[in-house]
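Enquirer: show me the folded form of this:
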Amino acid sequence: MKQNNLHRWTVLVIAVVYLILLGETFHVFSLSDFPMPTFYGLINGTWAEQTETYLTEHIGFHDTLFRVKSQADLLLGEKRIRDVYVTDEMLLEKLTADNTLTPEDLAAPVSDFYEKTQIPTFLILVPSASEIYRTLLPANAVSDEQTSRIQEVYDAAVNGVHCIDACNVLKSQKDNYIYYRTDTHWTSYGAYYVYQSAIQKMGFTAIPYDRYVISHLSTDFRGDLYERTLYENVRSDVLDCYSYEGGAHITEVTAWYPDGSSGSRGNSIYSESALLSEDMYRFYLGAPCEQLVIKTNLDNGKKLLLYQDDFGDCMITFLLQHYSEIHIVNLNMAESGNVQIDPSEYTQALFLCSMENWEKLCDTNP
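Expert: Predicted coordinates:
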């Protein structure tokens, strides 16, 4: 019998026993249509597949049974739930980039943009927490290496594109709270230190860290890695908001959506209602939209065109201290072309994206 099939149906037996006991105790569950095991089904793994499908379809029990199965996996030595590695300190995503794209392919969108526009262009590719905390991964973990991959992309970019090293900045701060424990994103603290390095290269002086007032919005944030695993033995996260009372403030925020509609969001980028939702991270920039224009009271004529995924959301509060306008293009949604952008209206352009997502975007939109 193959070892993976043996492990698979062993943990499922535990889940099934739990299901039977639950059904018998409370008389709320019928096993009349439950897939019955056969000798060959146990050998080739088909019974395990049928059982997993059956349990998934019975939503009322899915979360409980999934937790039981996951705990059984961990007890039997498996350090991964789905595509997430479980450590004592944090949950870490398994990185599986197939590297079918060359560094030149990955650099091309930014290189092409610069060659067409000739405006000062900057690129920040952010490594995943799994790259920064590789030493926490199990010895047999499979995880794509990103540091050298990012450097290869930087080396392939045309002269004139300014590539900003986020890897070494984050590695230097890795003993601090720079990535969430239960979510794939970096924290505002991690974003600040990359901002501090980047904004100097972009010609500005960074606002000192001690000038910011930090508000703890929630100490019970559980992010997307928790949602994938339902693993509760890693501490929940703290969601912070940074404000600089002596600096620039927002005067107007306008959002554009994929259907071509637009709407004002007043004078704040934050969404208080997100703190009461299952996706607290949306607090930083509100509901997803295709493009977002933020105007400030600065009268310095500096305008930033920012192409980003949601890793940029919590960095906006730092960047807006230096620009009269920031025009954000959501890389995950910017396909409709409803809003035409004239890059010549902007003094700088910044591409900011997680490396994991950048590879997927380039592969999907070559």
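
Enquirer: quick one, helices of the stretch 51-200 of the chain?
Expert: 59-75, 103-117, 129-132, 147-156, 167-172, 188-201 (DSSP state H, counting those that start in this stretch).

Enquirer: what sits against residue 217?
Expert: Contact analysis of residue 217 by CB atoms under 8 Å, 6 or more residues apart in numbering lists 239, 240, 241, 275, 280, 283. Quick note: C-beta positions are derived from backbone N, CA and C, even for glycine.

Enquirer: any stretches of this protein with poor pLDDT?
Expert: Residues of the chain meeting the criterion pLDDT under 70: 1-34, 37, 39-78, 97-99, 142-143, 335-339, 366.

Enquirer: quick one, domains of it?
Expert: As recorded under automatic domain parsing, the domains making up the chain are 3-78, 98-364.

Enquirer: report the distance from stretch 150-166 to the chain centre.
Expert: 22 Å (CA atoms, centre = their mean, to the nearest Å).

Enquirer: contact partners of that stretch?
Expert: 102-104, 106-107, 110-111, 114-115, 118, 120-127, 167, 194, 197-198, 201-202, 355.

Enquirer: and it, what's buried?
Expert: Residues of stretch 150-166 classed as buried: 150, 153, 154, 156, 157, 161, 162, 163, 164, 165, 166 (neighbour count, 16 or more other CB atoms under 10 Å).

Enquirer: could you do stretch 200-213 as well?
Expert: So for stretch 200-213, counting by 16+ other CB under 10 Å, buried means 202, 206, 207, 212.

Enquirer: what sits against the second one?
Expert: For residue 206, the contact set (CB under 8 Å, 6+ apart) comprises 195, 196, 199, 200, 318.

Enquirer: out of those residues, what pair is the most spread apart?
Expert: Farthest apart among the contacts of residue 206 by CB to CB are 200 and 318. That separation is 12.3 Å.

Enquirer: stretch 162-175: end-to-end distance?
Expert: Stretch 162-175 has an end-to-end distance of 28 Å (criterion: CA to CA, to the nearest Å).

Enquirer: list the contacts for residue 145?
Expert: Contacts of residue 145 (CB under 8 Å, 6+ apart): residue 131.

Enquirer: from residue 253, how far off is it?
Expert: Going from residue 145 to residue 253 by CB to CB, to the nearest Å gives 39 Å.

Enquirer: next SSE downstream of the longest strand seen in the chain?
Expert: Ranked by residue count under DSSP state E, the longest strand found in the chain is strand 213-221. Later in the chain than strand 213-221, the nearest helix or strand by DSSP states H and E is helix 224-229.

Enquirer: which positions within that following helix qualify as buried?
Expert: Using 16+ other CB under 10 Å as the test for burial, helix 224-229 gives 224, 225, 226, 228, 229.

Enquirer: thinking again about what came up before, among the contacts of stretch 150-166, which ones are buried?
Expert: Neighbour-count burial (16+ other CB under 10 Å) applied to the contacts of stretch 150-166 gives 103, 106-107, 110-111, 114, 120-127, 167, 194, 197-198, 202, 355.

Enquirer: could you identify the buried members of the contacts of residue 217?
Expert: 239, 240, 241, 280, 283.

Enquirer: the third one: what's it in contact with?
Expert: Under the criterion of CB under 8 Å, 6+ apart, the neighbours of residue 241 are 188, 214, 215, 217, 270, 283, 317.

Enquirer: work out for me the element it sits within.
Expert: strand 237-243.

Enquirer: what's the angle from that strand to strand 213-221?
Expert: Here strand 237-243 runs at 160 degrees with respect to strand 213-221, directions being taken by axes from the mean of the first three to the mean of the last three CA atoms, to 10 degrees.

Enquirer: tilt between strand 237-243 and helix 188-201?
Expert: Using the same axes, to 10 degrees: strand 237-243 against helix 188-201 is 40 degrees.

Enquirer: beyond strand 237-243, next helix or strand please.
Expert: strand 250-256.

Enquirer: who does that next one pair up with?
Expert: Next to strand 250-256 in the sheet, as set by DSSP bridges, lie strand 262-264 (antiparallel), strand 291-296 (antiparallel).
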